[in-house]
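**Q** Pasting the sequence and the predicted coordinates here, then a few questions.
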Amino acid sequence: MTLAKPYQSSRILKQTIWISPVIVGALLLGCSSSTGNRSEKAAPIPFVFRKLELEQKKSNGDPDWILSSPEARYEFSRRLVRAKLPSGVLFSNNKPSFKIRADYAVVFNDGEQIILEGDVQLQQLNGQKILFKGERLRWQPKYSRLAMEIQPRAFDARSRITATVAVLQQDTNDLTLTSPVQLYRWKDKLALTKKPDTAIQAGKTLWNLENGALTAEGPVLGQRLDQEGVVLEQLKGRELNGNTLKGMITVKSPVIVTMPKNKGLLRAKDTTWNFRKQIISSTDPFEGLINKIQINGEKFRAELNQNTVIIPEGCRIKQPGERLFSRQCRWNWETDEILATGDVRVERDDNNQITEAQKLNGSIGEKGALIFSAPGNKVRSELTIEEKTNGQDQTSKSSQPPVLF
């Protein structure tokens, strides 16, 4: 048995890695036999370290990363380190930026590439403090690139993201997620034992962990769920961008928003979803459909927690033989109640009836028709009645019938 000289271990990794003097005992395992053919070369014998600390510094002397292990083996001929229970710190701007740990690590070519396996965890120390988990991480320190290749998952206080592969560019904090990408968000705090209240599916995604900027290829599918996991509302779009720090995303046109059991839907252009307030809105013209009732407007705002869509400008409602125009409308898709306010005008084909008011309340009847009334409000109605007696038309008259629409 031969003991390795202390200076040997530091010289081995001298090119790119410095080994801390705290290493206790570098033992060379195995021994060469005194018998047999002495001309035959002995198999490479690894160094075994009871404690190992690897440190990489940048060209200016600032720390780049540190990796330590309670037990490691170094294969001199292959310039390869195998370490158990590795843990370490990654630096950015001379400050710790991530903590890293795993069950096993293999360091290739004195730190050119590092593979971590088992229960791999990468914890962001600043910003959103995202925790990454997976079963294998391919780390290339020279390029500041870390790729979680098996079962990548990312967590913050309220969200979880899964993907096929997750690649973190450490120097820019850009995270690239390979499709399919799924994001789950909880209302209060992350509780994996409960169903999330929001779920989003998308294609390839780019997320900046420092400023929260998020872009994703489509198709995009967003859903709001109840505690049993039943879909309450659903949004489909072409692609998305947004910001996770602000809790908002914008889904690109064309966008379709559907309500429970396809009872109603909205076809819109670019649509913004505020996760924190659970509000979906668009500043562009849209069209909606409730059974046979068509709704149009210049913009809309859907308050999901209130089951209500507000049309703040240019509300137009149309059903067979009847039309309504008003400045604003409010529709509750749970109670089927509709409120029209501001210069309300109802036109009916029957008898050319016109009804005008400042406010009309309405509801959807059993046959899917919309019926309006104006209790306690001033209403002006006109209609034309055409009668034929002995082949001659009677004079048109005006009256005030019940307000129905």
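**A** Looks like it arrived, so ask away. Numbers count the residues shown, from 1 in each chain.

**Q** now stretch 282-299, how far from the centre of its chain.
**A** 27 Å (C-alpha atoms, centre = their mean, to the nearest Å).

**Q** for that stretch, which positions count as buried?
**A** Residues of stretch 282-299 classed as buried by neighbour count (16 or more other C-beta atoms under 10 Å): 282-283, 286, 288, 290, 293, 295-297, 299. In short, each C-beta sits where N, CA and C put it, glycine included.

**Q** quick one: least confident of these?
**A** Within those, pLDDT reaches its minimum at Ile290, with 83.

**Q** That one contacts Lys263, correct?
**A** Yes - counting by C-beta atoms under 8 Å, Ile290 does reach Lys263; the two are 7.0 Å apart.

**Q** Give the residues shared as contacts by those two.
**A** Taking C-beta atoms under 8 Å, 6 or more residues apart in numbering as the contact rule, Ile290 and Lys263 both touch Trp333.

**Q** which residues of the protein fall in helices?
**A** 6-12 (DSSP state H).

**Q** Identify the residue spatially nearest to Asp62, adjacent ones excluded.
**A** In space, and not counting its chain neighbours, Asp62 is closest to Asn94: 4.7 Å by C-beta to C-beta, 6 or more residues apart in numbering.

**Q** ugh, typo on my part, it should be Leu52
**A** With C-beta to C-beta, 6+ apart as the criterion, Leu52 has its nearest non-adjacent residue at 4.0 Å, and that residue is Ala72.

**Q** about what we covered before: just the ones of the buried residues of stretch 282-299 in strands?
**A** 282, 286, 288, 290, 293, 295-297 (DSSP state E).

**Q** Would you mind giving these as JSON lines with distance to Asn305 added?
**A** What follows is these, written out as JSON lines (distance: C-beta to C-beta, whole Å):
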{"residue": "Ser282", "distance to Asn305": "18"}
{"residue": "Phe286", "distance to Asn305": "21"}
{"residue": "Gly288", "distance to Asn305": "19"}
{"residue": "Ile290", "distance to Asn305": "20"}
{"residue": "Ile293", "distance to Asn305": "24"}
{"residue": "Ile295", "distance to Asn305": "21"}
{"residue": "Asn296", "distance to Asn305": "25"}
{"residue": "Gly297", "distance to Asn305": "21"}
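
**Q** farthest-separated two in those?
**A** Distance extremes for those: the farthest pair is Ser282 and Ile293 at 19.6 Å, using C-beta to C-beta.

**Q** Tell me which residue is most central in the protein.
**A** Leu183 (4.2 Å; C-alpha atoms, centre = their mean).

**Q** who's in contact with the residue nearest to that residue when sequence neighbours are not counted?
**A** Distances taken as C-beta to C-beta, 6+ apart put Ile200 closest to Leu183, at 4.4 Å, once the chain neighbours are dropped. Shown in contact with Ile200 (C-beta under 8 Å, 6+ apart): 182-183, 185, 220-223, 249.

**Q** Inside strands: which ones of these?
**A** 182-183, 185, 220-223, 249.

**Q** tell me the least confident of those?
**A** Arg185 (90).

**Q** Thr258 touches Gln223, doesn't it?
**A** No - at 9.8 Å, Thr258 does not count as touching Gln223 under the criterion of C-beta under 8 Å.

**Q** Give the intersection of the neighbour lists for those two.
**A** 233-235.

**Q** mind checking pLDDT for the closest residue to Ile279 other than its chain neighbours?
**A** Computed as C-beta to C-beta, 6+ apart, the closest residue to Ile279 that is not its neighbour in sequence is Glu303, at 5.7 Å. On pLDDT, Glu303 comes in at 94.

**Q** Sweet, I'm off.
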